[in-house]
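Peer 1: Fold the following and give me the result.
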Amino acid sequence: MAGHNRLELLLFKLGTRQRYGINVFKVQEVIQCPNLTQIPRSNSVICGIAHLRGKTIPVMDLSMAIGARPMTRGGVDAGYVIITEYNRSVQGFLVSAVDRIVNMDWGQMKPPPKGTDKESYLTAVTQLDNELVEIIDVEKVMKEVIGASEQISDGVIDDTSANAGQHVLVVDDSSVARNQVKRVLDALKVECTLAKDGQDALETLERWIAEGKSLPEFLSMVISDVEMPRMDGYTLTTNIRKDPRMKDLHVILHTSLSGVFNQAMVEKVGANKFLAKYMPDELAALVQHRLIEHRQLLRITAE
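Peer 2: Presented below is the predicted three-dimensional model:
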């Protein structure tokens, strides 16, 4: 399904009738909640640690993490744990019930309704069986519960004076992820435009073309997430490569999905690079390398 703007969602509940969804590709397995080892002085959202096949996996109360009532912990009604891989780490999410897997088109996934609180934990919503299914911003949850390195290490950034005039298009449905990338670009003194999904990004590119901009000259690169409502990053990249006006753009897929599969998809859709989220040093180094390359290309073109 990847590359065809489709996905499979695992549907689950958090103690109410409301259904939520998570991309199956991020799910390793679903188990009944095992006995958990408590962690002294840990975040209250962390229920404890599960010992699973030789690995120690933190388990989070997903309901509590998004500001709802805590789940029942322990006993026969302890629920299920969805074991997932996000941002290079494995963790479990405690849920009350697991429903089923559904095959959907990313076009059926819509951004949260206008007026949704900026602090909302939603990245998308969709309709299924005349009910609203909510997609949680797991990256926001993990940042708040586990934390993440936001600072670029000393010595990673070279002289930024040559970066003036360079521009980057950042595409991500998570406000947390967009701002993480923006902070790296700000540190590099590079201007950027932010887009909320692939469709928004494609419309932005087409608007720039209509304004008379030469995209290969104006735009140093596109940094795009993969999982996004309306149009995913794979489909965005495919559309860029099909359009002669933008086919030469440098595209970096920057995603919480990881593994060999994504390397294969980079080649299939024609992206230039794949980078698993979120390591600011690696992102800064990759962006710097591309900025130098872009300046050299512009110099050669000018000559």
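Peer 1: Now do the helices in the stretch 1-150 of the chain.
Peer 2: For the stretch 1-150 of the chain, the helices defined by DSSP state H, counting those that start in this stretch cover 62-65, 138-145.
Peer 1: of all the ones you listed, which lies closest to Leu219?
Peer 2: Between Leu219 and the helices of the stretch 1-150 of the chain, the tightest spacing by Cβ to Cβ is seen for helix 138-145, at 24.9 Å. C-beta: built from backbone N, CA, C; applies to glycine.
Peer 1: Only alpha carbons, please: show that closest one as PDB.
Peer 2: The C-alpha coordinates for helix 138-145 follow below in PDB (Å, rounded to 0.1, in the frame of the first residue of the first chain):
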ATOM      1  CA  VAL A 138       2.100  10.300  19.200                       C
ATOM      2  CA  GLU A 139       5.200  12.400  18.700                       C
ATOM      3  CA  LYS A 140       3.700  15.100  20.900                       C
ATOM      4  CA  VAL A 141       2.900  12.500  23.600                       C
ATOM      5  CA  MET A 142       6.400  11.000  23.500                       C
ATOM      6  CA  LYS A 143       8.000  14.400  23.700                       C
ATOM      7  CA  GLU A 144       6.000  15.400  26.700                       C
ATOM      8  CA  VAL A 145       6.400  12.000  28.500                       C
END
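Peer 1: would CSV of the helices of the stretch 1-150 of the chain with distance to Val30 be doable?
Peer 2: Shown next, in CSV, are these (distance: least, Cβ to Cβ, whole Å):
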stretch, distance to Val30
helix 62-65, 13
helix 138-145, 16
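Peer 1: what's the least confident stretch among these?
Peer 2: Mean pLDDT is lowest for helix 138-145 among the helices of the stretch 1-150 of the chain, at a mean of 86.
Peer 1: List the contacts of the helix or strand just after that helix.
Peer 2: Sequence-wise, the next helix or strand downstream of helix 138-145 (DSSP states H and E) is strand 167-171. For strand 167-171, the surrounding residues in contact (Cβ atoms under 8 Å, 6 or more residues apart in numbering) are 178, 181-182, 185, 190-198, 200-201, 204-205, 218-225, 228, 233, 236, 287.
Peer 1: ok, of those, which come out buried?
Peer 2: Buried by 16 or more other Cβ atoms under 10 Å: 178, 181-182, 185, 190, 192, 194-198, 200-201, 204-205, 219-225, 228, 233, 236, 287, out of the contacts of strand 167-171.
Peer 1: can you give me the helices in the stretch 151-300 of the chain?
Peer 2: Using DSSP H, counting those that start in this stretch, the helices found in the stretch 151-300 of the chain span residues 175-187, 198-210, 215-218, 233-242, 260-269, 280-302.
Peer 1: Give me whichever of the ones you listed is most buried.
Peer 2: A comparison of those by mean neighbour count, using mean count of other Cβ atoms under 10 Å, puts helix 233-242 on top with a mean of 23.
Peer 1: Distance from that one to the middle of the chain?
Peer 2: 17 Å (Cα atoms, centre = their mean, to the nearest Å).
Peer 1: ok, now stretch 155-169?
Peer 2: The answer for stretch 155-169 is 24 Å, by Cα atoms, centre = their mean.
Peer 1: and what of stretch 284-300?
Peer 2: Worked out by Cα atoms, centre = their mean, stretch 284-300 lies 24 Å from the chain centre.
Peer 1: Send over it as CSV, restricted to the C-alpha atoms.
Peer 2: Taking C-alpha atoms only, stretch 284-300 is exported to CSV below (Å, rounded to 0.1, in the frame of the first residue of the first chain):
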residue,chain,number,x,y,z
ALA,A,284,21.6,19.6,10.9
ALA,A,285,24.5,17.7,9.3
LEU,A,286,22.3,16.4,6.5
VAL,A,287,20.7,19.8,5.8
GLN,A,288,24.2,21.5,5.9
HIS,A,289,25.5,19.1,3.3
ARG,A,290,22.6,19.8,1.0
LEU,A,291,22.9,23.6,1.4
ILE,A,292,26.5,23.4,0.3
GLU,A,293,25.5,21.2,-2.6
HIS,A,294,22.7,23.5,-3.6
ARG,A,295,25.0,26.6,-3.6
GLN,A,296,27.5,24.8,-5.8
LEU,A,297,24.7,23.9,-8.3
LEU,A,298,23.5,27.5,-8.4
ARG,A,299,27.1,28.6,-9.0
ILE,A,300,27.6,26.2,-11.8
